[in-house]
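Q: Return a 3D structure for these sequence lines:
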Amino acid sequence: MASANVNFRMDEILKRQAESVFNEMGMNMTTAFTIFAKAVVRSGKIPFEIEVDPFWQAENQLHIDRVIAEYESGKAALITKTMDELEAMENG
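A: Predicted coordinates:
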């Protein structure tokens with residue numbers, strides 16, 4: 001089977017991080033991306049779910065902006081919770 005070169009740009013830090021992970025798995029970047037491409041071809045889709053991080057949604061960003069403005073204006077109330085209270089909130 002003939003090989004073809006594929007070139008694309010990626011953030012340098014991300015590239016180094018990915019290479020490190022792939023190396024730990026005993027493969028290089030070429031092997032990892034070949035596995036990814038084969039999974040795409042086999043399934044006809046990207047082999048993992050892609051979704052928006054809710055942190056970056058406009059509504060959340062507006063809320064964060066309001067909280068920061070309240071804090072900077074001195075209107076924010078300091079709220080403290082014990083670890084037990086936080087765990088109770090998490091467990092519903």
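Q: What ranges does the chain have for its helices?
A: 12-24, 29-43, 58-73, 83-90 (DSSP state H).
Q: Could I get those helices in JSON lines, plus columns for mean neighbour count, distance to residue 4 and mean pLDDT?
A: From N, CA and C alone the C-beta is placed, and that goes for glycine too. What follows is these, written out as JSON lines (neighbours: other C-beta atoms under 10 Å; distance: least, C-beta to C-beta, whole Å; pLDDT from 0 to 100):
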{"stretch": "helix 12-24", "mean neighbour count": "11", "distance to residue 4": "20", "mean pLDDT": "97"}
{"stretch": "helix 29-43", "mean neighbour count": "12", "distance to residue 4": "11", "mean pLDDT": "97"}
{"stretch": "helix 58-73", "mean neighbour count": "10", "distance to residue 4": "41", "mean pLDDT": "90"}
{"stretch": "helix 83-90", "mean neighbour count": "9", "distance to residue 4": "50", "mean pLDDT": "90"}
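Q: What pLDDT does the model give the most centrally placed residue in the chain?
A: What sits nearest the mean C-alpha location of the chain, by C-alpha atoms, centre = their mean, is residue 53, with 7.5 Å. As predicted, residue 53 sits at a pLDDT of 84.
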